[in-house]
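**Q** got a predicted model here, sequence first, then my questions.
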Amino acid sequence: MARPGETRSSDITFPAGGVRRLLASLASWLYLAALYVFIFLPVAVLVLFSFQDGRLPVPPFNGFSLQWYEAVFADGKLMAALGNSLLVAILSSLVACLLGFLAAYALARYRLPGSALMRGLLIAPMTVSYLIIALGLLVVLNALQVPLSLWTVGIGHVVINLPLCFAIIYASMGDHHVNIERAARDLGASDIKVMALVTAPMLMPSIMAAFFLSITFSWDEFIIAFLLSRFEVTLPVEIWSMLRSGLNPKTNAIGSLVFLASIVVLVVLELALFGRSRKT
Amino acid sequence: MTTATLEDRERRKAWGFVAPAFIWTLAFFVVPFVYMVAMSLWSRQGRDIVRAWNLDNYARFLTEGALLKGLTNSLEITLTVTALSVLLAYPLAWIIAERVPKRWQRMALILAILPFWTSYVVRSYSWLLVLSKGGVINQALLGIGLISEPLELASNRTATVIGFVHFFVMLLTLTIYSNLIQLSPNYRRAAADLGANGFQTFRHVILPLTLPGIMTGAFLTFVLCIGDYITPQILGGNNELVLPQIIMLQIGRRADFPMAAALSIILMLAVTVAYIACARWLKIERA
């Protein structure tokens, strides 16, 4: 018969494996916490000091103020750059999606000689650094004496997003859609009609994914926008020129706003595109 | 006869659909690229670009210390970043996949990659807020009396590496996590049945199965890191320039486009070598 004291002591001495497991588990949680701190530290500092009541976005935190957000919205150049970014992102993504969709449709539905080569060519820009794509376009535009503008930035952004749109849409063109398209054609629909009224709606999730991914890339792209624009610039380029003035809470404020906007877009996407598919 | 013409017509229609994308890629990617290769064989004299074909730019790259140093700086930083990012991201992805309860996993992953969605330029800038002389870390160390003078943590190679690792840890956590959760739990069960302990299972079963995914992620990291201008320009200071910074100097200050073109080709060659190494390694691993 065991006395109460004995059971107690056996409780305290864990089996060796148990201690090790506990330590391993503790280490995991510590590691997780440490990495989350590393990942969030700069963003937290960015957002916190965008509310700084003072001229420097570093400690000490003097107090809460919205003055830098007011400064952002009052900055005409910054607001213009924001509008330019939206315009370039939406238009270039539309073009990239449309060209990507047409090419994917043709290469998936028709047996063409040299189609593997064509696929390779359309994907190729993905493997080249943005800097090199930008430089190539810049020297050609210079040689042809084409003035730099938002249009040339847009051309560059279609170049980087077309491979992406093509690849995403091509990958989703399964054979199971062929019969539905054939049925539509038998009922007298033209190719364009089949594409617009049958294929595109069936592939809408992947087309939307390609479109929004393109918008994100174009929206955040710096080097092409920097090298291929002159007077009218996009938001990353305008933020870049703000950096010349050193640490500035206004930069924090615009950075925080961009972050907030991306999160809103993400949540909307999550709910609209992926939320539905998860329920089914 | 009629079937042939029908097929012809179909084929012509199909080419019509491919044509816009093809022409776009040809005009705005292939032609500029070929033109740039040609330009790398020309040279700048005074303010003019002379179309005399020679390898002078490449010779200058090999003989001028500052240019060659750009490549070695780039390679050193990129390899350090790639290794560090994989080493930090793998345990993180593993903990999220294995330790975090199933219902919280998606949340934990989204949190781990949330700052990925800040603007790239702003993300590098935000590390300045942390690392600069008046920044958070220096203020904290001064506050608790560990140091009496602020340390120079920004404007050097370490700051560049930190900024890069921050970005790529998020990217790699995402790719490695999706790799890990695709593994069937049967592998682990089989290894345990055969008497392997936790570490042995990881070393001989889980790690080899996830290596191809890691290599793909590491290659992506390599490509994006070696071609990036923003992070080293904001965080790296002026002492150790990387290749993209030197390319930008040729374009901006010196207007030496032939040299910039030659350096870009060299940058591309570095990426190609890395790609071949990765592909060969993966093939060996699979065989």
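**A** Structure received.
**Q** what about residue 230, neighbour count?
**A** Here I'm looking at chain A. Neighbour count of A:Arg230, defined by other Cβ atoms under 10 Å in any protein chain shown: 11. Yep, even glycine has a C-beta here, placed from its N, CA and C like the rest.
**Q** chain B, not that one
**A** By other Cβ under 10 Å, neighbour count at B:Ile230 equals 21.
**Q** is it true that it touches B:Tyr125?
**A** No: applying Cβ atoms under 8 Å as the test, B:Ile230 and B:Tyr125 come out as separate, 9.5 Å apart.
**Q** helix, strand, or coil at B:Glu152?
**A** The three-state assignment at B:Glu152 reads coil, by DSSP: H, G, I helix; E, B strand; the rest coil.
**Q** again with B:Thr175
**A** Once three-state DSSP is applied, B:Thr175 turns out helix.
**Q** can you pull the contacts of it?
**A** Shown in contact with B:Thr175 (Cβ atoms under 8 Å, 6 or more residues apart in numbering or on different chains): B:Gly213, B:Thr216, B:Gly217, B:Leu220.
**Q** near chain A, which residues of the stretch 51-200 of chain B?
**A** Proximity of the stretch 51-200 of chain B to chain A (Cβ under 8 Å from any Cβ of the partner chain) is limited to residues B:88, B:91-92, B:95-96, B:99-100, B:108, B:111-112, B:114-115, B:117-123, B:125-130, B:132, B:134-136, B:139-140, B:166, B:169-170.
**Q** restricted to helices, list the residues you listed.
**A** Among those, the ones falling in helices (DSSP state H) are B:88, B:91-92, B:95-96, B:108, B:111-112, B:120-123, B:125-130, B:136, B:139-140, B:166, B:169-170.
**Q** filter those to the buried ones?
**A** B:88, B:91-92, B:95-96, B:108, B:112, B:120-123, B:125-130, B:136, B:166, B:169-170 (16 or more other Cβ atoms under 10 Å in any protein chain shown).
**Q** thought A:Val258 was touching B:Ser119?
**A** Yes: with contact defined as Cβ under 8 Å, A:Val258 counts as touching B:Ser119 (4.6 Å).
**Q** near chain B, which residues of the stretch 151-280 of chain A show up?
**A** By Cβ under 8 Å from any Cβ, the part of the stretch 151-280 of chain A that sits against chain B consists of A:155-156, A:158-159, A:162, A:166, A:191, A:216, A:220, A:222-223, A:227, A:235-236, A:239-240, A:243, A:247, A:251-252, A:254-255, A:258-259, A:262-263, A:266.
**Q** the residue nearest to B:Pro32 when sequence neighbours are not counted: what's it in contact with?
**A** Spatially, and ignoring its direct neighbours in sequence, B:Pro32 is nearest to A:Gly136 (3.2 Å; Cβ to Cβ, 6 or more residues apart in numbering or on different chains). With contact taken as Cβ under 8 Å, 6+ apart, A:Gly136 is in contact with B:Phe29, B:Pro32, B:Phe33, B:Tyr35, B:Met36, B:Ser264.
**Q** tell me how many other residues surround B:Gly65.
**A** Neighbour tally, B:Gly65, other Cβ under 10 Å: 7.
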